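>>> sequence unknown, structure follows:
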């Protein structure tokens, strides 16, 4: 028994000396098991099935609410002025811009309105990093009924994406990150579009009492697993 104990002590001492000499290898031997346990933990959480319960439809909310919150965040950057640009048909008196300015969402917002001669001039303004363009409205017909609304790429979904998203992936994104791609329209695009439409109607009817109020809610969600 004493012989085996002496031999065991010698082996342990030998291993300790080897560990001291090969410090890098020793460090790897210690850290590798810890790293493998951590990776196993991450994989287990990533592959875990998420169970989502059924949710009823939400209450409706005025579209101006999220727009104003969005503008308040942008106003934190004091070095730039949020700007909405316009390109009007030739010989237009600009009355449509005045009508748009009076919309409730622009009151006390510090947003500037800038009229450009053409789209190239608007593009030059947008490409200058000193500026803060929110949107551009290009009227394409003399009667003003046809127009294109351009917004910053971060304020609308990528137009090249599929029109109908996978339901459960969208549900996962909403639960994980708070919103889906389609929600981006409500921050900027939809409120400005509503303001332009109201201005056109007021101008054509010569009636400034006409007000468009849009309230949007979300449909219910079926129970699902991801």
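Thanks, I have it. Treat the numbers as computed from the prediction; the structure is a model and nothing was measured.

>>> who does the longest strand anywhere in the chain touch, helix- and strand-wise?
If you go by DSSP state E, the chain has its longest strand at strand 132-139. If you count contacts as 3 or more C-beta pairs under 8 Å, 6 or more residues apart in numbering; DSSP states H and E, strand 132-139 packs onto strand 82-87, helix 119-127, strand 147-151, helix 189-205. For the C-beta atoms, the positions are set from N, CA and C on the backbone; glycine is no exception.

>>> same thing but at 7 Å, please
Packing partners of strand 132-139 (3 or more C-beta pairs under 7 Å, 6 or more residues apart in numbering; DSSP states H and E): strand 82-87, helix 119-127, strand 147-151.

>>> right, and those - which one's nearest residue 168?
Among the helices and strands packed on strand 132-139, the nearest to residue 168 by C-beta to C-beta is strand 147-151 (28.4 Å).

>>> the inter-axis angle of the closest one versus helix 119-127?
20 degrees (axes from the mean of the first three to the mean of the last three C-alpha atoms, to 10 degrees).

>>> among the helices and strands packed on strand 132-139, show me which one is buried the most.
Highest mean neighbour count among these (mean count of other C-beta atoms under 10 Å): strand 82-87, with a mean of 20.

>>> list the strands paired with it, with their directions.
Strand 82-87 has the following sheet partners, assigned by DSSP bridges: strand 112-116 (parallel), strand 132-139 (parallel).

>>> those strands into TSV, with extra columns for distance to residue 5 and mean neighbour count?
What follows is the strands paired with strand 82-87, written out as TSV (distance: least, C-beta to C-beta, whole Å; neighbours: other C-beta atoms under 10 Å):
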stretch	distance to residue 5	mean neighbour count
strand 112-116	88	15
strand 132-139	79	21
